[in-house]
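> dropping the sequence and predicted coords here.
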Amino acid sequence: MTKTRIIGTGSYLPLTILSNEHLSTIVDTNDEWIMERTGIKERRIATTETTSSMASAAALLALEDSKVLAEDIDLIIVATFTPDSSMPSVSCKVQGSIGAVHAVCFDLNAACSGFLFALTTAHAYISSGIYKNALIIGAEALSRAIDWTDRGTCVLFGDGAGAVVLSKDSVGFIGSLLGSDGGKGEVLTYSKQMTKNLFDKEIIENSYIQMDGQEVFKFAVRKVPENISQLLEQHHTNIGQIDHFILHQANKRIIQSVAKRLNADENKFPINLNYCGNTSAASIPILIDDLNRGGKLKKNDTLVLSGFGGGLTWGSCLLTW
Ligand code: COA
């Protein structure tokens, strides 16, 4: 079966920075609480940007890095749960703006796990010979889905986009293990505002992200290490063989707990949530791009990507850089 490899990365963060100090003038919170409980110092907020403009900017940088031309991309998948419109999809908007005229485009929603689901989907298409070059993007404008009076959620999230180009190669993607549990979805929700039905025009309220923080925390620290361990076992790989654990950037304490439970070196768990916040589906590709451009990823390094989020959903990918 054909293999696939990430051959280029790009990311975009909005220009407006929202610091903890600034946030404490909006809701009853403070820098000390946020830093201690989450590790987040500041996050970016889309003002002029949209989900699709951020996704397009990240995509162009990934294309440049990969040296693949836009017209040679035959698949674009955008992972997002905050599209600027449901129709057309963000991926179609990206296609239009970057000139990827031969691409098939669709969006995918697996909340914060979305990038891992999109990467796995693109790998399946390419390895089965249907497509050759894919752009996989995670992009979110979470600041537009947040209740800015709810200090339990508004301090956590940020906006941004990250992209990778996935192409045919002799090594690269080794495997992935994804999961979902719709029975527990109520702990993390975001309902779009819409009327109930034709005969009842009442607007359904609560169109913001709502979360039971402690339940999500407990789920993450249990499920992520379990999922990574199972994936590594499937591929006869030891924790010690992994060079970088690129985890969804939700909370520094969750990442530290995962490292501990896996008995892995915490230095192998890079962090950028201090200046990005939790950017949901964008967090893993933004971090990959940070590391790639910072020269931290060496050819043939072994990487684990892993995340969790609403749905509930979770997943991990094992790959050679
Ligand atoms: N600033 C100051 N105080 C805050 C606060 C804020 N932003 N948010 C909550 N508090 C207060 C609470 O009101 C509570 O006060 P009380 O003890 O007087 O009632 C106290 O801090 C503790 O609240 P709690 O919710 O128990 O804190 P916590 O230690 O569980 O931390 C989270 C809260 C949200 C940081 C933590 O639960 C978490 O990270 N969960 C995972 C969330 C996540 O990753 N979501 C995204 C998934 S993709």
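Good, I have the coordinates.
> next to the ligand, which bits of the stretch 51-200 of the chain? Give me the list.
For the stretch 51-200 of the chain, the contact set with the ligand under C-beta under 6 Å from any ligand atom comprises 112, 151-152, 155-156, 188. Quick note: C-beta positions are derived from backbone N, CA and C, even for glycine.
> most neighbours, which of those?
Ranked by the number of neighbours (other C-beta atoms under 10 Å), these place Cys112 first, at 32 neighbours.
> picking up where we left off before, got CSV for the residues of the stretch 51-200 of the chain next to the ligand, with distance to Gln230, pLDDT and secondary structure too?
Formatted as CSV, these follow (distance: C-beta to C-beta, whole Å; pLDDT from 0 to 100; DSSP: H, G, I helix; E, B strand; the rest coil):
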residue, distance to Gln230, pLDDT, secondary structure
Cys112, 19, 98, helix
Arg151, 36, 96, helix
Gly152, 31, 95, helix
Val155, 32, 97, coil
Leu156, 28, 98, coil
Leu188, 23, 95, strand
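> from these, which two are the most distant?
Cys112 and Arg151 (20.1 Å; C-beta to C-beta).
> with the residues of the stretch 51-200 of the chain next to the ligand in mind, which one is nearest to Gly315?
Cys112 (10.1 Å).
> residue of the stretch 101-250 of the chain with the smallest distance to the ligand?
Residue nearest to the ligand within the stretch 101-250 of the chain: Gly213 (3.0 Å; C-beta to the nearest ligand atom).
> residue contacts, that residue?
Taking C-beta atoms under 8 Å, 6 or more residues apart in numbering, we find Gly213 in contact with 152-153.
> with distance to Ile26 as extra columns, can I get the residues of the stretch 51-200 of the chain next to the ligand in JSON lines?
Formatted as JSON lines, these follow (distance: C-beta to C-beta, whole Å):
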{"residue": "Cys112", "distance to Ile26": "23"}
{"residue": "Arg151", "distance to Ile26": "9"}
{"residue": "Gly152", "distance to Ile26": "14"}
{"residue": "Val155", "distance to Ile26": "10"}
{"residue": "Leu156", "distance to Ile26": "14"}
{"residue": "Leu188", "distance to Ile26": "22"}
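> confirm Thr4 sits in a helix?
No. Looking at Thr4 with DSSP: H, G, I helix; E, B strand; the rest coil, it is strand, so not inside a helix.
> correct me if wrong: it contacts Ser128.
No. Between Thr4 and Ser128 there is no contact under C-beta atoms under 8 Å: 10.5 Å.
> between the two, which is the more surrounded one?
Per other C-beta under 10 Å, whichever of Thr4 and Ser128 has more neighbours is Thr4, with 25 against 10.
> would you mind measuring from that one to Arg293?
21 Å (C-beta to C-beta, to the nearest Å).
> and for Thr80?
For Thr80, the distance to Arg293 - C-beta to C-beta - is 23 Å.
> tell me which of those two has more neighbours.
Taking other C-beta under 10 Å, Thr80 and Arg293 do not tie; Thr80 has more neighbours (31 against 14).
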